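Enquirer: Dropping the sequence and predicted coords here.
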Amino acid sequence: MRLLIFLFLFYLAYRLIKKLMLPGQPSAKMPEQEPLLPVDDVMVKDPYCETYFPKRDGIKKVIKGQTCYFCSTECRDEYLERIEQSERD
């Protein structure tokens, strides 16, 4: 039993000496956050298929004075056909 107490006291003395003699370890700080960058593009919704995509990748078409962005030429063409049909009806 004395041996266990001696070993425990020796361990505590070792930890105390190590802490006093060695320079302090850097504390666990939160990593510094990088500054937020401005948004370089916005997401828009295709009026035909209702898919969101970056505005810069879209196909721009002005329809009746309103600017629309489409995800593909197929969606643009289908949307224009739908508009033409609704105008005929």
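Expert: All right, it came through fine.
Enquirer: ok, which stretches of the chain are helices?
Expert: Using DSSP state H, the helices of the chain run over 2-21, 73-88.
Enquirer: Show me what the last one is packed against.
Expert: The elements that helix 73-88 packs onto, with contact taken as 3 or more CB pairs under 8 Å, 6 or more residues apart in numbering; DSSP states H and E, are strand 59-63, strand 66-70. C-beta here means a position set from N, CA and C on the backbone, and glycine is covered the same way.
Enquirer: again, only using 7 Å
Expert: Where contact means 3 or more CB pairs under 7 Å, 6 or more residues apart in numbering; DSSP states H and E, helix 73-88 is packed against strand 59-63.
Enquirer: Now do the strand it packs on: everything it contacts.
Expert: Residues outside strand 59-63 that contact it (CB atoms under 7 Å, 6 or more residues apart in numbering) are 67-70, 72-73, 76, 83.
Enquirer: Check the helices of the chain for me and report the most buried one.
Expert: helix 73-88 (a mean of 12; mean count of other CB atoms under 10 Å).
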